[in-house]
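A.B. asks: pasting the structure only:
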């Protein structure tokens, strides 16, 4: 099985030199164990997936730590929360760096233990599923930003995929690229079963796993949409409180991402509801039964899945550099109407900007369209950001399936999706 070089590797090496402990989080099957074993070959590897080792760590914690001296990797450490307090003590007693590498597939439980025991002593790094850059073996690691400087730099390494829909449909879990014999449907069927029976059951008081599976399907069908808890509750015959709780489980375990709206006080008509995006388009396609790249590309959900893929790729470009993107990305939708032409007639619709990146007081608006050609009208909502005081509107972009980058206007780029 061939190892796929991960963009996060440089960040992990930097963290090893600066911190006493590293915590690698991320959803199940994103490759956390593999990358830690590959780049830290000098460290002993211990996994608590082994019931015997888990029992040793629980029942004889002091002896276990004595037999497993740092530098050491502890995988699936959320299974043994008792260790966190002892690791804290050992970090405090030593002046060395890179003592412990911790990882696990339940970010919610991991973060609870870290906040209680290792706050200020650990570098927390998120590992996402494979990005398009990683799938193509491209080492370019700058976070995406729709500027001419970025485009010119990205141009040096960019490579157009033979069929982008094959990659969107396949998803980004490493096993699907490392194992040539792995069947797509079998992988995702096993993934969902394992996630439900191990992560969901452990994280919560969910006993009705069939209902939770139907909930996952309902959310997957709404990827790229504003969250409507009541609508989902009606569909799966549960109350709104249960649906909100279950959504927090999907978010905490890295299955979905809730994109918060951009709501400065000056934009009084801004809608304040978050949008939900599946982290992996392959999983979303599996749950909504788009079983081939061809049917997905031509199907009713193609636009939503394409938007989900684009936003996921942008977020990966930030997390792979160790940047916490949660405070610099958003979307805008407002009740201030704009007029568009549809079927030869003018129609009033709500203003919307699919994605906004904020950096150094500059707002970069992004529109996402699956078509190959666009007009400047696709970015007609961008000037709304000019109303925000003390912020500057930067270069905007329409990300689509166009063959080459271009300009729709002086301050609006047209970019192929593979330029992210």
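C.D. replies: Yep, it's here. In this text the structure is predicted, and so the values were computed from the model without any measurement. Residues are numbered from 1 along each chain as shown.

A.B. asks: so what's the closest residue to residue 156 other than its chain neighbours up against?
C.D. replies: Distance criterion C-beta to C-beta, 6 or more residues apart in numbering; nearest residue to residue 156, sequence neighbours excluded, is residue 140 at 7.7 Å. (C-beta placed from N, C-alpha, C; glycine too.) By C-beta atoms under 8 Å, 6 or more residues apart in numbering, residue 140 lies in contact with 133, 153-154, 156-157.

A.B. asks: which of those residues sits closest to residue 396?
C.D. replies: residue 154 (16.8 Å; C-beta to C-beta).

A.B. asks: point out where the stretch 201-350 of the chain drops to low pLDDT.
C.D. replies: Low-confidence segments of the stretch 201-350 of the chain, defined by pLDDT under 70: 202-205, 337-349.

A.B. asks: would you map the strands across it?
C.D. replies: 225-226, 256-259, 275-278, 329-342, 345-359 (DSSP state E, counting those that start in this stretch).

A.B. asks: against which helices or strands is the helix or strand following the last one packed?
C.D. replies: The element immediately downstream of strand 345-359 (helix or strand, assigned by DSSP states H and E) is strand 362-368. In terms of contact count using 3 or more C-beta pairs under 8 Å, 6 or more residues apart in numbering; DSSP states H and E, strand 362-368 is assigned the packing partners helix 302-319, strand 345-359, strand 392-393, strand 396-400.

A.B. asks: report the angle between the axes of the first one and strand 362-368?
C.D. replies: What it means is helix 302-319. Put simply, helix 302-319 runs at 150 degrees to strand 362-368, going by axes from the mean of the first three to the mean of the last three C-alpha atoms, to 10 degrees.

A.B. asks: run the angle between helix 302-319 and strand 396-400 for me.
C.D. replies: Using the same axes, to 10 degrees: helix 302-319 against strand 396-400 is 120 degrees.

A.B. asks: need the winner for burial among the strands of the stretch 201-350 of the chain.
C.D. replies: Highest mean neighbour count among those (mean count of other C-beta atoms under 10 Å): strand 275-278, with a mean of 25.

A.B. asks: got the strands of the stretch 201-350 of the chain as TSV, with distance to residue 417 columns?
C.D. replies: Shown next, in TSV, are the strands of the stretch 201-350 of the chain (distance: least, C-beta to C-beta, whole Å):
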stretch	distance to residue 417
strand 225-226	20
strand 256-259	18
strand 275-278	15
strand 329-342	17
strand 345-359	13
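
A.B. asks: looking at those, which is closest to residue 149?
C.D. replies: Among the strands of the stretch 201-350 of the chain, the nearest to residue 149 by C-beta to C-beta is strand 345-359 (12.3 Å).

A.B. asks: my guess is residue 354 contacts residue 368, does it?
C.D. replies: Yes. Counting by C-beta atoms under 8 Å, residue 354 does reach residue 368; the two are 4.7 Å apart.

A.B. asks: need the overlap of contacts for these two.
C.D. replies: Common neighbours of residue 354 and residue 368 (C-beta under 8 Å, 6+ apart) are 307, 311.

A.B. asks: leaving out the residues flanking it, which one is nearest to residue 211?
C.D. replies: In space, residue 211 is closest to residue 236, 6.1 Å off (C-beta to C-beta, 6+ apart).

A.B. asks: okay, now that neighbour: neighbour count?
C.D. replies: Residues near residue 236, counting by other C-beta atoms under 10 Å, number 19.

A.B. asks: distance check, it against residue 386.
C.D. replies: Counting by C-beta to C-beta, to the nearest Å, the gap from residue 236 to residue 386 is 42 Å.

A.B. asks: one more: residue 24?
C.D. replies: Distance from residue 24 to residue 386, by C-beta to C-beta: 41 Å.

A.B. asks: those two - which one has more neighbours?
C.D. replies: residue 24 (25 against 11).

A.B. asks: partners of that one in the sheet?
C.D. replies: residue 103, residue 125 (DSSP bridges).

A.B. asks: for it, what are its contacts?
C.D. replies: 12, 32, 35-36, 101-103, 125-127 are the contacts of residue 24 under C-beta under 8 Å, 6+ apart.

A.B. asks: what about 10 Å?
C.D. replies: Residue 24 makes contacts with 8, 12, 15, 30-33, 35-36, 73, 75, 101-104, 110, 123-127, as judged by C-beta atoms under 10 Å, 6 or more residues apart in numbering.

A.B. asks: buried subset of these, written for PyMOL?
C.D. replies: Listed next is the PyMOL selection for buried residues among the contacts of residue 24, using 16 or more other C-beta atoms under 10 Å:
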select buried, resi 8+12+15+30+31+32+33+35+36+73+75+101+102+103+104+110+123+124+125+126+127
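
A.B. asks: now, which of the contacts of residue 24 lie within helices?
C.D. replies: Among the contacts of residue 24, the ones falling in helices (DSSP state H) are 12, 15, 32-33, 35-36, 110.

A.B. asks: for the residues you listed, give me TSV that also has distance to residue 419 and pLDDT.
C.D. replies: Rendered in TSV, the data for the ones in helices among the contacts of residue 24 read as follows (distance: C-beta to C-beta, whole Å; pLDDT from 0 to 100):
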residue	distance to residue 419	pLDDT
12	26	95
15	28	94
32	28	94
33	32	93
35	25	96
36	30	96
110	34	60
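
A.B. asks: double-check that residue 169 belongs to a helix.
C.D. replies: Yes. Counting by DSSP: H, G, I helix; E, B strand; the rest coil, residue 169 is part of a helix.

A.B. asks: could you find the closest non-adjacent residue to residue 124?
C.D. replies: Per C-beta to C-beta, 6+ apart, closest to residue 124 is residue 23, 4.9 Å.
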